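Colleague: just a sequence and a predicted model for now, questions to come.
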Amino acid sequence: MSTEATVIAVAAALYLFDCMVLLDRGQALWSRAGLSFGSQHYQIRGRVVALLNPLTPFFAVFRTLPLFSGSSPVRLSRAMRSMTPVAAMNFLQLILLFAVLPWCLYRAPGWPFFAALVLSYVNAIAMIGALWWRFRGAGIATRPLLGLGFGWLVCLPLSVNSLRKAGLAFDVAMDARGAIRLLPGRERERARGELAAQVAEALQELEESDERHRRLAALKSQLTVEAGDGRL
C-alpha cells in the first residue's frame, strides 16, 4: 500500500472509530433520521454500542436522558436551533477531508494540497468558534468544547464529527419515552420495541432485590400495556 493510501485509510479509520458512541440501557440517540437505541448485541463495560451514520456527520445528534435519571436544562428545540447554522461548515469539512485532500494528495501534492489543508484547519477553528458562540447564546455549557476542540485540531479527521460530538456533550431534557412520543406512528412502534428490548436486557443484568429492577419491571409492564392499546 502506498503512503498516500495509508494516510487516507488511517484518517478514515479514525473517523469511523469516532462515530462509535456508548449509551446507557434505555438511553437513545435523537436525530433527523429518528431514534436509535444502539446495538442489542454489543456492549462495552455494560454500555450499549451505537454507531453514528458515517455519511451524515452534518446532521446533529442528541442523547436523551438515561431512564430514571435527573433533569437537564437543555431542551431539544433549543439545542437544534443552536446547532443548525453550523451544519454547512460541517458539510464543507466532510468534503475537504474525504474528497478534496485525498484528490490533492494523489494529483496535486504541492501547493494545492497545502492550501486545502490550511482551509481545513481554518474551517475547523471556525466551527469551534461558531459552536462556542451558539452554545453561549443558548445557555448551553461551553466547557466541553475545550477538550473537543483540542482533539479536532490535533487529529483533523475527528473534526468531521464536530457537529454531532458537540450535540452529544450534553443530554437533552427528555428521556427515551418522551422522545418516542415525538415520532410518527410506524417509527414510534419500532422505537417502542427497541426500548422494550433494552429494558428486558437490563432486567437480566440486575438482581431482583435492586430497586432499579423493580422500576424497570414496572416500565416493561407499561410498555406492554401501551403496545396492546396501540399507543405510546
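Modeller: That came in fine, so what should we check first?
Colleague: quick one: least confident helix or strand in the protein?
Modeller: Of all regular secondary-structure elements in the chain, judged by mean pLDDT, DSSP states H and E, the least confident is helix 211-229 with a mean of 68.
Colleague: can you count the residues close to R188?
Modeller: Each residue near R188 was counted by other CB atoms under 10 Å, and the total is 18. Yep, even glycine has a C-beta here, placed from its N, CA and C like the rest.
Colleague: where along the protein do the strands fall?
Modeller: With DSSP state E as the definition, the chain shows strands at residue ranges 20-23, 29-31, 34-36, 43-44, 47-51, 62-65, 171-175.
Colleague: for L94, which of those is the nearest?
Modeller: Closest of those to L94 is strand 29-31, at 15.8 Å (criterion: CB to CB).
Colleague: and the contacts of the closest one?
Modeller: With CB atoms under 8 Å, 6 or more residues apart in numbering as the contact definition, strand 29-31 has outside contacts at 21, 23, 35-38, 50, 52, 59-64, 76, 172, 179.
Colleague: list the buried ones in the longest helix along the chain?
Modeller: Of all segments of type helix in the chain, defined using DSSP state H, the longest is helix 111-138. Neighbour counts using 16 or more other CB atoms under 10 Å place 113, 116-117, 120, 123-124, 127-128, 130-132, 134-135 of helix 111-138 among the buried residues.
Colleague: quick one: it to chain centroid distance?
Modeller: 20 Å (CA atoms, centre = their mean, to the nearest Å).
Colleague: now the residue positioned nearest the centre of the chain: phi and psi?
Modeller: Among the residues of the chain, V61 comes closest to the average C-alpha position under CA atoms, centre = their mean, at 4.4 Å. Here is the backbone geometry of V61 (degrees, to the nearest 10): phi -130, psi 140.
Colleague: show me what contacts it?
Modeller: Under the criterion of CB under 8 Å, 6+ apart, the contact list for V61 reads 29-31, 52, 164, 167-168.
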